[in-house]
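S.K.: output the structure for:
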Amino acid sequence: MADANPARVDIIYPPDGAVFPPEIAAPTFRWEDRHADPDAWLVAFRFFDRADYLEYRSQSATWTVPDEVWETVKERSREQEVEVAISGIREAGGQTVVSRGCVTISTSRHAVGAPVFFREVNLPFIEAVKNPAAHIRWRFGSIASKRPPPIVLEKLPVCGNCHSFSADGSLLGMDIDYANDKGSYAIAAVDREITLEKDAIITWSDYRREDGDPTFGLLSQVSPDGRYVVSTVKDRSVFVATDDLAFSQLFFPFKGILAVYDRQTGAFEALPGADDPRFVQSNANWSPDGTSIVFARSEAYDLKKLLDKSKVLLSPEECEEFLKGGRRFRYDLYRIPFNEGRGGKAEPIEGASNNGMSNYFPRFSPDGKWIVFCKADSFMLLQPDSELYIIPAEGGEARRMRCNTSRMNSWHSWSPNGKWLVFSSKMYSPYTQLFLTHVDDAGRSTPPVVLANFTEPERAANIPEFVNVAPDAIGAIAAAFLDEESYYRAAAEYVKQGDSVGAIPLCEKAIELNPKHVPSRFCLAAILTELGRMNEARAHLLEIVEHDPGFFAAHVNLGLILVEAGEMDEGEKHLAEAVRLEPEDSIANYYYAYVLHRRDKLPEAATHYSRAVASDPNSVRALLGLSAMHVTPDLVEWYDPEKAIPLAERACELTERRLPDALQMLGMAYALAGRYGDALRAADEAIGIARAAGDTRFVRQIEQDRAAYEQAAARAEAGAP
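M.R.: Below is the predicted model of the structure:
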């Protein structure tokens, strides 16, 4: 029995008109019943080939189709629709239908026929950058899997990014940070066990290295035949972390040209026609026959506040004109002949250029008939309004694809048979999921089906790519190129992000691989010193000066640890060696002077304070140390309060007059120079700052100084000596 006007059940998944591939695992249906309060729901499959139907009961608003039922549904919906009806029921007084909703679905005769390779990351993005070993991994497997496909690569302590395969799936290319070079790129034959050896790595930085411009090798693509790789080089991108969990980075290149690496010759060459530095040229994608390349292009741009050209991640302040200033950045798609690397004239593609939007991520269909690309109001990557459009490969009317979801559609890849497209979307979650759509011969797509089982909870899937191999063709990828430098760089990233403790095991791994790796030992020693583990830090510093006695910074730090441990002679010896190695270094001279000062070796201390100031006129501690020498009466050859005043004034200026020690020194210099009024004002200012900080000891000390200044001023006024 049913109510005369049952309320509506909103079926969230599957969407009406969805077409499933024949090998896909059983889905989970989800719905909302906002207008009725049913006791349970009935899920019914009504087949149009016969009058019978299948019906199942669910106590919740989600229901995973049992495997045997799903196989029956797929068989009976092959190339024909089946109705999925979900009815809310109440049990009292007999079973009454109080709400109802329905959609139709079908199963294609076309299998996907290829596994998917993709990257899985934690959000927000900055966490993955900070700790790639814990947060980034790669999976590879079939859409028939009922659980996330096997992890084939993980615990990589350096970042790995975009990847691509040759048309036959025999070759893998992947961005890999290696040897402190963001332009590193790994190329390896696909096998059950892939080993990325050092000799499998090239670097895009080798293209015109003599120019001195940084290269990151952005969005590289292996050619269909595997001979060439095309990439953006001499590139620069807005690449900034943001606070939004779902869209936790803003990324788009604003400089760069296309260059090609020839695996046969080992040569890097610019692609003529896509190498104009007045433009940014990126997102290159090969036509299936390898005779042409389509890419995104826009006018090159200079950030107004770019502070460090070597950085990958920029600060929000550097990118403020895009984050807060409302400035847009848009790309057009261009096509250029490859001509075995000789290039040609780049032509804008009709339907994907000059349309007032940003057009990017073009992908040819395997038969070369279509190009699917992203279109958004501005920028590139992780744009909430990004949608997929399809145009004829030669250009023409751009059609919005039916598969688009409500939020972000991007990172798409064609199945080798050209019947399916996999893409990323945030329709159901801030954690990006993978979706499939069927594309027919006329370029018409279907509402998307989600690969809901492909990722772990609270992990985002991105950069999916179909690979033209068997689902078990890749079992594991071993990063044999990892060396002590790789782990050290990962540790340095932890330190940069404020997590020194997290850097410790990475430094230890680097030292395990190479006990003589000085940067890792020094980094570890600095962290241990920060944590108060002085004996351990001391042991590492001793190892450093044994292996590399010319590493002056290790002598500085070791000297200070020894001094603080009361081993003054040994400490002074190491600091003296640091100064001998780097006579003009401000830090080495300051700390050596500091120890000499503590040991009452005042003339030598004054000499090295003076050298420290000469090397770095903005070193507050060196300025104050040298000031102290000029106000020490027993140091006859250095005593000169008038010289102390500008040094102390500079220290106060550099600290914006917030350092009581500097004000105390300034007051003393003023008083000894007979400027008692200035001395009293400096003392009062120091007392106020110390009192606000709750430093009662320092307040009492400066109050005593102030009293002495008042007495000296009174004697001077009375004409007394």
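S.K.: hey, let's count contacts and neighbours off CA atoms from now on
M.R.: Will do.
S.K.: mind giving me the domain ranges of this structure?
M.R.: 2-107, 116-478, 643-721 (automatic domain parsing).
S.K.: span of the second one from start to end?
M.R.: Terminal residues of domain 116-478 are spaced 19 Å apart (CA to CA, to the nearest Å).
S.K.: check the offset of it from the chain's centre.
M.R.: Distance of domain 116-478 from the chain centroid (CA atoms, centre = their mean, to the nearest Å) equals 15 Å.
S.K.: give me whichever of the domains of the chain is most buried.
M.R.: For these, average neighbour numbers computed from mean count of other CA atoms under 10 Å are highest in domain 116-478, which has a mean of 20.
S.K.: how about V439, nearest residue that isn't a chain neighbour?
M.R.: Excluding the flanking residues, the one nearest V439 by CA to CA, 6 or more residues apart in numbering is S445, at 4.4 Å.
S.K.: ok, that neighbour touching N404?
M.R.: No: using CA atoms under 8 Å, S445 is not in contact with N404; the gap is 9.3 Å.
S.K.: residues in contact with A7?
M.R.: H35, A36, V98, S99, R100 (CA atoms under 8 Å, 6 or more residues apart in numbering).
S.K.: how about P641?
M.R.: H630, V631, A669, Y670, L672, A673 are the contacts of P641 under CA under 8 Å, 6+ apart.
S.K.: most widely separated two among the residues you listed?
M.R.: Longest distance between any two of the contacts of P641 is 11.8 Å, between H630 and Y670; criterion CA to CA.
S.K.: before we move on, back to that, of all the domains of the chain, which lies closest to L624?
M.R.: Comparing those under CA to CA, the one sitting nearest is domain 643-721, at 6.0 Å.
S.K.: quick one: mean pLDDT over the closest one.
M.R.: In this model, domain 643-721 has a mean pLDDT of 91.
S.K.: tell me where the stretch 201-350 of the chain has helices.
M.R.: For the stretch 201-350 of the chain, the helices defined by DSSP state H, counting those that start in this stretch occupy 320-323.
S.K.: wait, a helix at G502?
M.R.: Yes: assessed with DSSP: H, G, I helix; E, B strand; the rest coil, G502 lies in a helix.
S.K.: which residues does it contact?
M.R.: Contacts of G502 by CA under 8 Å, 6+ apart are A491, Y494, V495.
S.K.: spatially nearest residue to the last one (excluding sequence neighbours)?
M.R.: It refers to V495. Computed as CA to CA, 6+ apart, the closest residue to V495 that is not its neighbour in sequence is A503, at 6.5 Å.
S.K.: hang on, that neighbour packs against R489?
M.R.: No: counting by CA under 8 Å, A503 sits too far from R489 to count as a contact (9.7 Å).
S.K.: tell me who's in contact with Y360.
M.R.: Counted by CA under 8 Å, 6+ apart, Y360 has contacts N283, F295, A296, Y331, D332, L333, F373, C374, K375, M380.
S.K.: that one is in what secondary structure piece?
M.R.: strand 358-364 (DSSP states H and E).
S.K.: listing partners with orientation, what would you give for that strand?
M.R.: strand 370-376 (antiparallel) (DSSP bridges).
S.K.: give the residue spans of this structure that score low on pLDDT.
M.R.: The model of the chain has pLDDT under 70 over residues 1-4, 128-131, 133-134, 179-180, 307-314, 720-721.
S.K.: follow-up on the earlier one: quick check, nearest of the contacts of A7 to R521?
M.R.: Using CA to CA, H35 is the member of the contacts of A7 that lies nearest R521, at 65.4 Å.
S.K.: out of the contacts of G502, who's the most crowded?
M.R.: Neighbour counts for the contacts of G502 peak at A491, which has 31 neighbours (criterion: other CA atoms under 10 Å).
S.K.: now that residue: which helix or strand?
M.R.: Going by DSSP H and E, A491 is in helix 484-496.
S.K.: so who does the residue nearest to V495 touch?
M.R.: A490, A491, A492, Y494, V495, L524 are the contacts of A503 under CA under 8 Å, 6+ apart.
S.K.: can you check D33 too?
M.R.: R8, V9, D10, A61, G88, S99.
S.K.: partners of the fifth one in the sheet?
M.R.: Taking DSSP bridges, one obtains W41, S99 as the residues bridged to G88.
S.K.: could I get the domains of the chain as a markdown table with distance to E546?
M.R.: Shown next, in a markdown table, are these (distance: least, CA to CA, whole Å):
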| stretch | distance to E546 |
| --- | --- |
| domain 2-107 | 61 |
| domain 116-478 | 25 |
| domain 643-721 | 37 |
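S.K.: nearest to A614, out of those domains?
M.R.: domain 643-721 (11.7 Å).
S.K.: starting at the chain centroid, how far to that closest one?
M.R.: On CA atoms, centre = their mean, the centre of domain 643-721 falls 49 Å from the chain's centre.
S.K.: nearest residue to A480 other than its sequence neighbours?
M.R.: In space, A480 is closest to E197, 5.0 Å off (CA to CA, 6+ apart).
S.K.: in contact with that neighbour: list those residues for me.
M.R.: Contacts of E197 (CA under 8 Å, 6+ apart): A479, A480, F481.
S.K.: try it again with 10 Å
M.R.: A186, I187, A188, A478, A479, A480, F481, L482 (CA atoms under 10 Å, 6 or more residues apart in numbering).
S.K.: on the three-state scheme, the first one is what?
M.R.: Okay, so that is A186. Following three-state DSSP, the label given to A186 is strand.
S.K.: bridging residues for it?
M.R.: Judged by DSSP bridges, the bridge partners of A186 are M174, I201.
S.K.: M174 is in contact with that one, correct?
M.R.: Yes: proximity of A186 to M174 meets the contact threshold set by CA atoms under 10 Å, at 5.2 Å.
S.K.: shared neighbours, these two?
M.R.: Joint contacts of A186 and M174 (CA under 10 Å, 6+ apart) are G160, H163, I201.
S.K.: list the contacts of E75.
M.R.: E75 touches P22, V69, S106, T107, S108, R109, counting by CA under 10 Å, 6+ apart.
S.K.: against E23, how distant is the last one?
M.R.: So that's R109. R109 is 10 Å from E23, by CA to CA.
S.K.: what residues are shared contacts of the two?
M.R.: K74.
S.K.: distance of the residue nearest to V495 from T437?
M.R.: Applying CA to CA, the value for A503 to T437 is 43 Å.
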